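[1] pasting the sequence and the predicted model now:
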Amino acid sequence: MSSPKVLFGFHAVGVRLKTAPQSVIEIYADPSRKDARMRQFLERAQEAGARVIDADGMRLAKLAGSHGHQGVAARVQALPVSHSLDDLLDGIEGSPLLLVLDGVTDPHNLGACLRVADGAGAHAVIAPKDHAVGINATVAKVASGAAETIPYFMVTNLARTLGELKERSIWCIGTSDDAPKTVYQADLKGPVALVLGAEGAGMRQLTRKTCDELVSIPMRGAVESLNVSVASGVCLYEALRQRS
């Protein structure tokens with residue numbers, strides 16, 4: 001069995017209580033926080049039968065590795081990964097919508113990408129093992145529960161994985177500032193993998209070459225590019241709009 005991990009923040013812990021309460025080992029809560037949000041959270045924890053332990057801010061910060069814990073942290077069992085990427089794709093009804101991240105190493109960016117992917121109804125997020133951050137407590141906090149609901153696959157060779165997606169007739173669309181065609185002109189209604197790189201460096205050259213098509217996000221102001229999580233939201237919600 002995997003070692004327990006720590007979640008912190010109301011959203012991250014609350015989603016785990018809702019989706020897999022049996023996996024919550026114990027919850028740590030700041031007794032000095034007596035506002036309505038904390039009271040509602042503790043009621044939910046009690047209903048789920050979770051063990052709650054009083055912990056001051058210093059102990060919570062040590063547990064979470066961050067001062068952004070909101071007065072709540074939990075030790076939980078890691079949930080088993082029930083699907084490989086192939087298994088997940090085999091089980092999708094309708095057109096797959098995937099988000100592929102190349103070179104996103106900041107946990108705050110990854111957490112925000114997972115949150116927007118979940119909100120837009122993406123089926124999975126894919127990243128390379130050697131150029132990406134894994135799911136940690138900070139990612140889970142920023143994702144506001146989406147780290148518990150959206151499958152996140154870290155693959156050994158991203159270009160090869162994109163090739164395997166293409167063999168499944170999934171159209172791989174990369175984003176690039178210099179692409180003449182915009183994301184709004186692309187057909188996102190069919191099976192699609194949207195490929196984004198980290199801001200600044202963008203996609204690696206091999207990733208770029210492996211894409212079937214490149215599109216840009218129109219920029220009308222002074223800034224040259226968007227944060228990768230914002231760009232993910234623009235692209236994923238355009239796909240959602242077209243599919244609706």
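    Yes, it's here. Bear in mind the structure is a predicted one, so any value in this text is a computation, not a measurement. Numbers count the residues shown, from 1 in each chain.

[2] G174 touches L214, doesn't it?
    Yes. In terms of CB atoms under 8 Å, G174 counts as a neighbour of L214; the distance is 4.9 Å. All C-beta atoms are positioned from the backbone trio N, CA, C, and that covers glycine.

[3] remind me, longest helix of the protein?
    Looking across the chain with DSSP state H, the single longest helix is helix 228-243.

[4] got a list of contacts for that one?
    95, 97, 99, 101, 104, 109, 112-113, 115-117, 120-122, 175, 183-184, 187-189, 192, 194, 196-199, 217, 225-226 (CB atoms under 8 Å, 6 or more residues apart in numbering).

[5] returning to that earlier point: comparing G174 and L214, which shows the higher neighbour count?
    Between G174 and L214, G174 has the larger neighbour count (other CB atoms under 10 Å), namely 24 against 19.

[6] contacts only, for that one.
    G174 is in contact with 195-197, 203, 207-208, 211, 213-215, counting by CB under 8 Å, 6+ apart.

[7] swap the cut-off to 7 Å and go again
    Taking CB atoms under 7 Å, 6 or more residues apart in numbering, we find G174 in contact with 195, 203, 208, 211, 214.

[8] what sits closest to the second one if chain neighbours are left out?
    I take that to be M203. Of all residues beyond its chain neighbours, the one nearest M203 is G197 (3.6 Å), with distances taken as CB to CB, 6 or more residues apart in numbering.

[9] that neighbour: what secondary structure?
    Secondary structure assignment for G197 (DSSP: H, G, I helix; E, B strand; the rest coil): strand.

[10] for it, the count of nearby residues, please.
    For G197, the count of nearby residues is 22 (other CB under 10 Å).

[11] with L226 instead?
    Number of residues near L226 (other CB under 10 Å) recorded here: 17.

[12] distance check, the closest residue to it other than its chain neighbours against L240.
    Using CB to CB, 6+ apart and skipping the chain neighbours, the partner closest in space to L226 is I217 (6.3 Å). Applying CB to CB, to the nearest Å, the value for I217 to L240 is 16 Å.

[13] D187 now?
    To L240, D187 is 14 Å away according to CB to CB.

[14] among those two, which residue is more densely surrounded?
    A direct count of neighbours by other CB under 10 Å for D187 and L240 places L240 higher, at 15 against 11.

[15] read off the pLDDT value for that one.
    Turning to L240, the model gives it a pLDDT of 95.

[16] and V81, by the same measure?
    With respect to pLDDT, V81 scores 60.

[17] ditto for the one 10 residues further on
    We note a pLDDT of 86 for G91 in this prediction.

[18] which residue packs closest to it, ignoring adjacent ones?
    The nearest residue in space to G91 (CB to CB, 6+ apart) is H83, at 7.3 Å.

[19] same check on D30?
    Closest to D30 by CB to CB, 6+ apart is G71, at 3.7 Å.

[20] with Y184 instead?
    Among residues not flanking Y184 along the chain, E238 sits closest, at 6.2 Å (CB to CB, 6+ apart).

[21] any low-confidence regions in the protein?
    In the predicted model, the chain carries pLDDT under 70 at residues 1-2, 80-82.

[22] the strands in it, which residues?
    Taking DSSP state E as the criterion, the chain carries its strands at 5-8, 24-29, 52-54, 72-76, 97-102, 124-128, 152-155, 171-175, 192-197, 213-215.
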